[in-house]
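Participant: sequence first, predicted coordinates after that:
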Amino acid sequence: MRRTLIAAALALACGPLLAAESAWITVGDDAWRLIAAEAADARLLSSREVAVDVPAVRGSAALVRAVDRVHAVEIDADWLPRLSVRVHEALRRCGGFVRHDSPAEALAELHRLQGRVEAALAPSYAIDDAAEVNASLPLTQDSRILATIQRLSDFQNRLYDSSHGVAASDWLAGEWRGIVAGRSWMKVSQVRHFGWPQKSVKLVIQGSGPNAAETVVLGAHLDSTAGSGSSEVRAPGADDDASGVAALTEVVRVFAERNYRPQRTIELIAYAAEEAGLRGSQQIAKRYQRAGKPVVGVLQLDMTAFQGDATDLWIFTDYTNAAQNQFVADLAAAYLPLLGVGYDRCGYGCSDHASWTGRGFAASFPFEASFAHSNHAIHTANDTTATFGNQALHALKFTQLALAYAVELGSD
Ligand code: IPO
Ligand code: ZN
């Protein structure tokens, strides 16, 4: 009793210091070293070696096998908002962390990664819907993409645990509802999550073929982050990742304009809480896996507006599916023949595709730049449209690639 009283008094006096809760994350080696040096009470639970494919030479399509060390760590949850920022500042590299709901789940992730989950479903990657793709591509408009990026950047921030982040989710749901209005086969919903208020936004385009249960997922993340993670911080997240959400929005707008009805079901998802350790996509991929939902492919768009290299599209070869990556490159060659394609590695937990890969689904992640020339303004108040010259011509390429991907995989 007395212990309880003292604890309560201390909690009142010290606030969040004593109220600190544990979080369980998995991280790559670089991030773990940074945590070990800076987060005094972080505790290593387990480590595993994971085989990944990486370009033999930066940029090249020829891959070699490499080994990543991935670690399960228990850490004070208050430390996490700083982690994604510190990884960028200190390491000048990508790669992130994945947050789990329990130590057991963190260890289970290591176990699955070590087993190198191959995608359970292997669809045909035939490119045979040129009529629909070629009729749709000219309808995509960079001015509309830019307007959506600007609108999303105008929120003070889109933090997963702030009222602004909640408002951004509500706004996007309304925007998508407006676009699909009157089309019975297109439905918008908001997905609730356990542990934070921002909802993911999901748009389902119901398939009309015999394989309508099979689902193609295109995703981007709705949330943003900067600095402290305080709920009033300015975090426009124009490139990261309003540019991905805007690309999805333009794909939807063109599909609605054409009254396009796929054979398979297509889902577009703006994930909540990516910056908090892929938490939104973790919950969604876990639910889909448990429900046995046949997801035949996943495409992630996270950062599409900042052109860092002469080569346009960068395909990350680690924690993604090689066969589907080839399909993405083939789509670019077929429909966007003027674009250059390069290959790079992204690091563990780098964006929401990793949540799907970890659950055995085929995921790909076409990116705006090579690692060496990536946008350094992300995760700061300077991630605005000005950083990419107030235009969306680079984002337009990813929009067109995503549209071709959705039609070609959606129609088999
Ligand atoms: C990211 C991805 C790849 C590279 I190279 C650089 C940066 C962004 C990703 N880590 C992120 O913060 N997504 O929200
Ligand atoms: Zn980010």
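Facilitator: Great, that's in hand. Ligands and ions are numbered 1, 2, ... in the order given.
Participant: helix or strand with the lowest mean pLDDT in the protein?
Facilitator: The helix or strand of the chain with the poorest confidence is helix 2-14; it has a mean of 46 (mean pLDDT, DSSP states H and E).
Participant: what residues does the chain have near ligand 1?
Facilitator: 84, 94, 96, 221, 240-241, 274-275, 302-303, 346, 350-351, 367, 371, 374, 378 (Cβ under 6 Å from any ligand atom). Any C-beta I mention is one placed from the backbone N, CA and C, and that applies to glycine too.
Participant: can you flag which of these belong to helices?
Facilitator: Among the residues of the chain next to ligand 1, the residues falling in helices (DSSP state H) are residue 84.
Participant: run a quick neighbour tally on residue 203.
Facilitator: Number of residues near residue 203 (other Cβ atoms under 10 Å) recorded here: 26.
Participant: part of a helix, is it?
Facilitator: No. Using DSSP: H, G, I helix; E, B strand; the rest coil, the assignment for residue 203 is strand, not a helix.
Participant: ok, now which ones touch the nearest residue to residue 275 once chain neighbours are set aside?
Facilitator: Spatial nearest neighbour of residue 275, chain neighbours left out: residue 225 (3.9 Å); criterion: Cβ to Cβ, 6 or more residues apart in numbering. Residue 225 makes contact with 81, 84-85, 157, 159, 235, 237, 275-276, 379, according to Cβ atoms under 8 Å, 6 or more residues apart in numbering.
Participant: check residue 225 and give its pLDDT.
Facilitator: In this model, residue 225 is scored at 93, pLDDT.
Participant: residue 53: what secondary structure?
Facilitator: strand.
Participant: quickly note the distance from the nearest residue to it once chain neighbours are set aside to ligand 1.
Facilitator: Closest residue to residue 53 apart from its sequence neighbours, by Cβ to Cβ, 6+ apart: residue 63 at 4.3 Å. Going from residue 63 to ligand 1 by Cβ to the nearest ligand atom, to the nearest Å gives 17 Å.
Participant: just the C-alpha atoms of stretch 186-194, please, in PDB.
Facilitator: Only the C-alpha atoms of stretch 186-194 are listed here, as PDB (Å, rounded to 0.1, in the frame of the first residue of the first chain):
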ATOM      1  CA  MET A 186     -15.500   1.400 -55.300                       C
ATOM      2  CA  LYS A 187     -15.700   1.800 -51.500                       C
ATOM      3  CA  VAL A 188     -13.800   3.900 -49.100                       C
ATOM      4  CA  SER A 189     -13.300   3.100 -45.400                       C
ATOM      5  CA  GLN A 190     -11.100   4.100 -42.500                       C
ATOM      6  CA  VAL A 191      -9.300   1.300 -40.700                       C
ATOM      7  CA  ARG A 192      -9.100   1.600 -36.900                       C
ATOM      8  CA  HIS A 193      -5.900   0.600 -35.100                       C
ATOM      9  CA  PHE A 194      -5.100  -0.500 -31.600                       C
END
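Participant: distance of residue 232 relative to residue 159?
Facilitator: 9 Å (Cβ to Cβ, to the nearest Å).
Participant: swap that for residue 170, sorry
Facilitator: If you measure residue 170 against residue 159 using Cβ to Cβ, the figure is 14 Å.
Participant: who has more neighbours, these two?
Facilitator: residue 159 (29 against 13).
Participant: leaving out sequence neighbours, find the closest residue to that one.
Facilitator: residue 165 (4.5 Å).
Participant: is it correct that the one you found is in contact with residue 274?
Facilitator: No. Between residue 165 and residue 274 there is no contact, the gap being 11.3 Å when judged by Cβ atoms under 8 Å.
Participant: quick one on the thing from earlier: regarding the residue nearest to residue 275, what is its secondary structure?
Facilitator: Residue 225 ends up coil, using three-state DSSP.
Participant: name the nearest residue to the closest residue to ligand 1 within the stretch 101-250 of the chain, sequence neighbours excluded.
Facilitator: Nearest to ligand 1, among the residues of the stretch 101-250 of the chain, is residue 240, at 4.9 Å (Cβ to the nearest ligand atom). Leaving aside its chain neighbours, residue 240 sits nearest to residue 378 (4.1 Å; criterion: Cβ to Cβ, 6+ apart).
Participant: and the gap between that neighbour and residue 236?
Facilitator: In terms of Cβ to Cβ, residue 378 sits 10 Å off from residue 236.
Participant: give me the local confidence score for the one residue sitting closest to the centre of the chain.
Facilitator: The residue lying closest to the centre of the chain (Cα atoms, centre = their mean) is residue 352, at 3.2 Å. Turning to residue 352, the model gives it a pLDDT of 98.
Participant: same thing with residue 18?
Facilitator: The predicted local confidence for residue 18 is 52.
Participant: residues contacting the residue nearest to residue 159?
Facilitator: Contacts of residue 165 (Cβ under 8 Å, 6+ apart): 155, 157-159, 197-198, 222-224, 272.
Participant: going through the residues you listed, which ones are buried?
Facilitator: Neighbour-count burial (16 or more other Cβ atoms under 10 Å) applied to these gives 155, 157-159, 198, 222-224, 272.
Participant: give me the phi and psi for residue 157.
Facilitator: Per-residue torsions, residue 157: phi -160, psi 180 (degrees, to the nearest 10).
Participant: to clarify, my last question referred to residue 296.
Facilitator: Per-residue torsions, residue 296: phi -90, psi -20 (degrees, to the nearest 10).
Participant: for the host helix or strand of residue 33, buried residues please.
Facilitator: Assessed by DSSP states H and E, residue 33 sits inside helix 29-38. By 16+ other Cβ under 10 Å, the buried positions in helix 29-38 come out as 29-32, 34-35.
Participant: what lies in contact with that helix?
Facilitator: Helix 29-38 is contacted from outside by 27, 42, 44, 68-71, 73, 75, 79, 83, 86-87, 90-91, 93, 95-97, 347-348, using Cβ under 8 Å, 6+ apart.
Participant: mind giving me the PyMOL command for buried ones among the residues you listed?
Facilitator: In PyMOL syntax, the buried subset of these is picked out as below (16+ other Cβ under 10 Å):
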select buried, resi 27+42+68+70+71+73+75+79+83+86+87+93+95+96+97+347+348
